[in-house]
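> Got a predicted structure here, sequence first:
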Amino acid sequence: MSKYDDLPREQLIELLKKRDRTKKLGLVWERDEIEADNAVDANFVAATIIPDLSDKPAPWRNMVIEGDNYDALRWLRMTMAGQINCIYIDPPYNTGAKDWVYNDHYANPEDAYFHSTWLEFLFRRLTLARDLLAEDGVILVSINDDQRAKLELLMDEAMPGMRVGSFAWRTRTGGNDTKGAFLSENHEHVLIYAKPQFRFSGHEKTYEKYIFWDEKANDWYRLSDISQPKDMTERENGFYAMYDPKTDTYYPPNPQRVWPAPFPKGGRKDAELEAISDVMKVFPPDAAAKGVMPSGDQIGKWIKAGRIVFPEDQKVVVWETLDELLSAIDASEVPLAKKTKKIWRGMPHLDFWVGKRVGFGIPQWVRYKSELKNANQPLSSWITPLSEAKTVPEGEDADPKAFIVSGMNQEGTTSVQDIFGSKAFNYTKPVSLMREMIRQAASPFDIVLDFFAGSATTAQAVMELNAEDGGDRRFIMVSSTEATADEPDKNLCRDVTAERIRRLNASDDKKFAELAADFAYLRCREIEFEDLDQDLAPAEVWAALETLHRLPMTRYTQAPWQEHKTEAQTLIFADRVSTELLGHLRGVVDRRENAFVYAWAPGQITAALGDALDVRSVRTELVGRFRQ
């Protein structure tokens, strides 16, 4: 009997359509699409607040969720689809080592489908995470060099068209040769996938080089390199002598970095270009525009407009004969670009330079402050180690502030020891790495999610940023218990993830004195759909509704109805409909509050109040969103 025999016709058609859409180029792994599709809606996921494990008084703006992150993501998709601005995860690296609770099932190196099970595990979670992202949202995923290629192709499949790039960061120094090739793996990667409206913040450009004032333009300006990164063979039309008409001085180009193209795009017809092609390839005769360029060139216009500045205090030489010039070339007494001679034996039209004033300086471009397209410098994909933070990159336009600066893995280990007094968690990323990436990826009012939260480094990073700039970033940390048959009472989420935040809240250490974050501790469980009406607890409904309406979370009081009121909205959950409730709702109508009312039997309310209020069915609303 085939596994397809019992499938309904509609599901078979959908399966065939999916296969028709399957790309032939990309990552392929063994997976059961039907089982994967069914798993998302196999049952309902509920979450309830555990007040005794939450921290600080309600209302709680942050969450720590205990449970399988697949379940937690399904619950979050029901309640927060399209609302998460930044997701960071450090998933298991599929090393085969027993370093995570799912290892035996998903990453057993003895399994012929070792990689496929790991890929399928992540694919199901990444597709759910994709649905959580806001239109300006981003997901950052740490991975080692061994699995980077597979994960990047997997993310292309899970998040098509969303790839932005990656960061490279140094995890340590002095690593060992682990593979016998005498190569130390001291770096890891952070893959970046984002929605269309996402942009990193970048770094504010420095204006310290804008030291000149132009009275006529009423603007500050700086002088910068005018050459282009092309040599004389790549850009023949940039290999010409630049001429200063005020001082009758000529400047040879650097054969490795020629001048800008002399004509604007489309500024010359083909016939004109052909007519001067020989002039463009070599230095022009004296008869043409002072022996430099044909008239009407873009460079000439820039010179007349004062956009090109020629050096004043410089060496100027006139070689009266060719022999004098050749002697100067042999003695390297000609203009140089570092060690490259700008005038050399065998140069086209070498005699052009005889009898002319030749400047040894370099013309520069006038760059006005008001012409900057962006106030910020784009972010570099290279993460600079703290030990190299003072290293200035090469190039006059390079900005050392355009880099994320981060510590290494040892910083992460030290942070955990400082908080717990012991090594409570292995393989912890440095707080500085998380903090600086989140600084770049999330605004001060965004929501940050980590569904492989581990020791809650991401939560601490959010807390540090809020303390630094007064922001109101919120975090959602998801972690499992990681209980096993050998350790049935183990609870990583309770004892490490949440505990780290609790200790930071209570710490009297000066390093953590300003860190504070309330959080609700939630626990997930699965419920069969047919049992929802009987098994879904009012507290679980209330937790879902508050999250759905973007409200901070509060305790459920076991009252016939629960209300959460703000200036913007009023949320009411009616576990039971009574005359008292109907009277209260009539008052809500009279006050014209922006109210949302949820009930198991909404018909009882609408029968009494008509359509005066937005009344919704608990089951229809939650199940509909869950199965979206």
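Cool, the structure landed.
> what's the weakest-modelled helix or strand in this structure?
Using mean pLDDT, DSSP states H and E, helix 277-281 stands out as the lowest-scoring helix or strand of the chain, at a mean of 37.
> what comes up buried for stretch 593-608?
Ala595, Phe596, Val597, Tyr598, Ala599, Trp600, Pro602, Gln604, Ile605 (16 or more other Cβ atoms under 10 Å). Yep, even glycine has a C-beta here, placed from its N, CA and C like the rest.
> Next one: the last one from Val618, what distance?
Using Cβ to Cβ, to the nearest Å, one gets 12 Å for the distance from Ile605 to Val618.
> list residues touching both of these two?
Shared contacts of Ile605 and Val618, defined by Cβ atoms under 8 Å, 6 or more residues apart in numbering, are found at Ala599.
> what is the rounded mean pLDDT of stretch 12-21?
When pLDDT is averaged over stretch 12-21, the result is 81.
> My read is that Lys342 contacts Arg257, right?
No: contact criterion Cβ atoms under 8 Å: Lys342 and Arg257 do not qualify, at 10.3 Å.
> tell me, which strand in the chain spans the most residues?
Criterion DSSP state E: the longest strand present in the chain is strand 133-143.
> Parallel or antiparallel, which strands does that one pair with?
Using DSSP bridges, strand 133-143 pairs in its sheet with strand 84-89 (parallel), strand 187-194 (antiparallel).
> Tell me which of those lies nearest to Tyr221.
strand 187-194 (34.9 Å; Cβ to Cβ).
> Looking at the strands paired with strand 133-143, which is nearest to Arg500?
strand 84-89 (15.8 Å).
> ok, residues contacting that closest one?
So strand 84-89 is contacted by 76, 129, 132-134, 136-142, 434, 437-438, 441-443, 446-452, 458, 476 (Cβ under 8 Å, 6+ apart).
> If you tally nearby residues, what's the number for Ile329?
Ile329 has 19 neighbouring residues, counting by other Cβ atoms under 10 Å.
> list the contacts for it?
Lys341, Ile343, Trp344, Arg345.
> tell me which of these is nearest to Asp323?
Closest to Asp323, out of all of the contacts of Ile329 and judged by Cβ to Cβ, is Arg345, at 12.1 Å.
> element containing the closest residue to that closest one other than its chain neighbours?
Among residues not flanking Arg345 along the chain, Ile329 sits closest, at 5.7 Å (Cβ to Cβ, 6 or more residues apart in numbering). If you go by DSSP states H and E, Ile329 is part of helix 322-330.
> again with Leu449
Taking DSSP H and E as the definition, Leu449 sits inside strand 447-450.
> ok now that strand, how far from the chain's centre?
13 Å (Cα atoms, centre = their mean, to the nearest Å).
> Mind listing what's buried along the next helix or strand after it?
Where DSSP H and E defines the elements, the next helix or strand beyond strand 447-450 is helix 457-469. Neighbour-count burial for helix 457-469, with 16+ other Cβ under 10 Å as criterion, is recorded at Thr457, Thr458, Ala459, Gln460, Ala461, Val462, Met463, Glu464, Leu465, Asn466.
> Let's see helix 457-469 as PDB, backbone CA atoms only.
In PDB, the C-alpha atoms belonging to helix 457-469 read as follows (Å, rounded to 0.1, in the frame of the first residue of the first chain):
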ATOM      1  CA  THR A 457      23.100  36.500  25.900                       C
ATOM      2  CA  THR A 458      20.700  38.200  23.500                       C
ATOM      3  CA  ALA A 459      18.500  39.300  26.400                       C
ATOM      4  CA  GLN A 460      21.500  40.800  28.200                       C
ATOM      5  CA  ALA A 461      22.500  42.600  25.000                       C
ATOM      6  CA  VAL A 462      19.000  44.200  24.700                       C
ATOM      7  CA  MET A 463      19.200  45.200  28.300                       C
ATOM      8  CA  GLU A 464      22.600  46.900  27.900                       C
ATOM      9  CA  LEU A 465      21.400  48.800  24.800                       C
ATOM     10  CA  ASN A 466      18.300  50.000  26.600                       C
ATOM     11  CA  ALA A 467      20.400  51.100  29.600                       C
ATOM     12  CA  GLU A 468      22.800  52.900  27.300                       C
ATOM     13  CA  ASP A 469      20.300  54.900  25.100                       C
END
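> Quick one: mean pLDDT for the helix or strand Trp118 falls within?
Trp118 is located in helix 114-132, with elements delineated by DSSP H and E. Averaging pLDDT along helix 114-132 yields 91.
> starting at the chain centroid, how far to that helix?
On the basis of Cα atoms, centre = their mean, helix 114-132 sits 19 Å off its chain's mean C-alpha point.
> same deal with stretch 468-484?
18 Å.
> Flag the shaky bits of the stretch 51-200 of the chain, pLDDT-wise.
95-114 (pLDDT under 70).
> run the last query once more with 80
Scanning the stretch 51-200 of the chain for pLDDT under 80 picks out 94-115, 173-180.
> about what we covered before: quick one, the longest strand of the chain and helix 457-469 angle?
Using axes from the mean of the first three to the mean of the last three Cα atoms, to 10 degrees, one finds that strand 133-143 and helix 457-469 are set 120 degrees apart in direction.
> how about the helix or strand just after strand 133-143: buried residues?
The C-terminal neighbour of strand 133-143 among helices and strands, as given by DSSP H and E, is helix 145-158. In terms of neighbour count (16+ other Cβ under 10 Å), helix 145-158 has its buried residues at Gln147, Arg148, Lys150, Leu151, Glu152, Leu153, Leu154, Met155, Asp156, Glu157, Ala158.
> any chance of these in CSV, with distance to Leu585 too?
Formatted as CSV, the buried residues of helix 145-158 follow (distance: Cβ to Cβ, whole Å):
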residue, distance to Leu585
Gln147, 55
Arg148, 56
Lys150, 55
Leu151, 51
Glu152, 53
Leu153, 54
Leu154, 50
Met155, 47
Asp156, 50
Glu157, 48
Ala158, 44
